[in-house]
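# I need the structure of the sequence given here:
(one chain, ligands or ions: 1)
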Amino acid sequence: MTKFTVNDRPVQYRMDSQTPLLWALRDASNLTGTKYGCGTGDCGACTVDVDGQAIRACQVTIAAIEGRFVTTIEGLSPDRSHPLQQAWAAQNVPQCGYCQSGMIMTASVLLKRNSNPTDAEIEAAMTNICRCGTYPRIREAIRQAGR
Ligand code: FES
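Sure thing, here's the model as predicted:
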C-alpha cells in the first residue's frame, strides 16, 4: 500500500507501486483535472505540485511519492480564487482548455518561488505545450497574477 497526501488529505492506494501518479490520481481518486497528453513527459498536461516542485505525473510512480504532499488543480483553490485562476479567466486564456490545468500548476510553482517573474523567467519555467498556441495569454495571465 502506498500512502501520501493529495490536496491536504491522506490517501492510500492499493495498486501496483509502479503505477504512474497520473493514473492513481485520475482512476483511484477521480481527480481528472490532471490530464493525459503524451505519457512521455513532454507536454506537461499532467503537471502537479509535489512538495513545491512542478512534477509531470505521468513520469513518476506512486512509490516515488510515498510520504510526500501532492497538490492537483482541484486542490489549488477550492473556490477557484487563486490569483492564477482569476487571471486565467480575466485574460480568457484557454482555447480548447485541455492543457490548461497543467499550465496553471506549473505557473503556481513558479509564482511560489518568484512572485514577480521576468518574461525570461516565465519562458524558462513554462515548458508545457499548448496545441492551440495560447502562450501569449498564458504569459500575460502569469504577469497579472504576479502583480
Ligand atoms: Fe505527462 Fe504529457 S502526459 S508530460
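
# Just read off the phi/psi values of residue 38.
Main-chain torsions, residue 38, degrees, to the nearest 10: phi -110, psi -30.

# And the contacts of the lengthiest helix in the chain?
Ranked by residue count and defined by DSSP state H, the top helix of the chain is helix 100-113. For helix 100-113, the external contacting residues (C-beta atoms under 8 Å, 6 or more residues apart in numbering) are 33-35, 37, 43-49, 52-54, 71-73, 76, 82-85, 88, 93-94, 117, 121-122, 125-128, 130, 134, 138, 141-142, 145-146. Quick note: C-beta positions are derived from backbone N, CA and C, even for glycine.

# which parts of that helix are buried?
Within helix 100-113, the residues that qualify as buried are 100, 101, 102, 103, 104, 105, 106, 107, 108, 109, 110, 111, counting by 16 or more other C-beta atoms under 10 Å.

# Look at the third one and report its pLDDT.
Residue 102 carries a pLDDT value of 98.

# Same check on residue 78?
Note on residue 78: pLDDT of 80.

# Can you classify it as helix, strand or coil?
coil (DSSP: H, G, I helix; E, B strand; the rest coil).

# For this protein, what lies in contact range of the ligand?
Taking C-beta under 6 Å from any ligand atom as the contact definition, the chain meets the ligand at 36, 37, 38, 39, 41, 42, 43, 44, 45, 46, 56, 58.

# Could you report the separation of the second one from residue 8?
Residue 37 sits at a distance of 26 Å from residue 8 (criterion: C-beta to C-beta, to the nearest Å).

# higher neighbour count, those two?
Higher neighbour count among residue 37 and residue 8: residue 37, with 20 against 10, using other C-beta atoms under 10 Å.

# if you skip the residues just before and after it, what's nearest to residue 33?
residue 73 (3.9 Å; C-beta to C-beta, 6 or more residues apart in numbering).

# how about that neighbour, what does it touch?
33, 34, 48, 101, 104, 105 are the contacts of residue 73 under C-beta under 8 Å, 6+ apart.

# tell me the pLDDT at the second one?
Each residue has a pLDDT score; the one for residue 34 is 98.

# In this model residue 75 seems to touch it, though I could be wrong.
No: using C-beta atoms under 8 Å, residue 34 is not in contact with residue 75; the gap is 10.5 Å.
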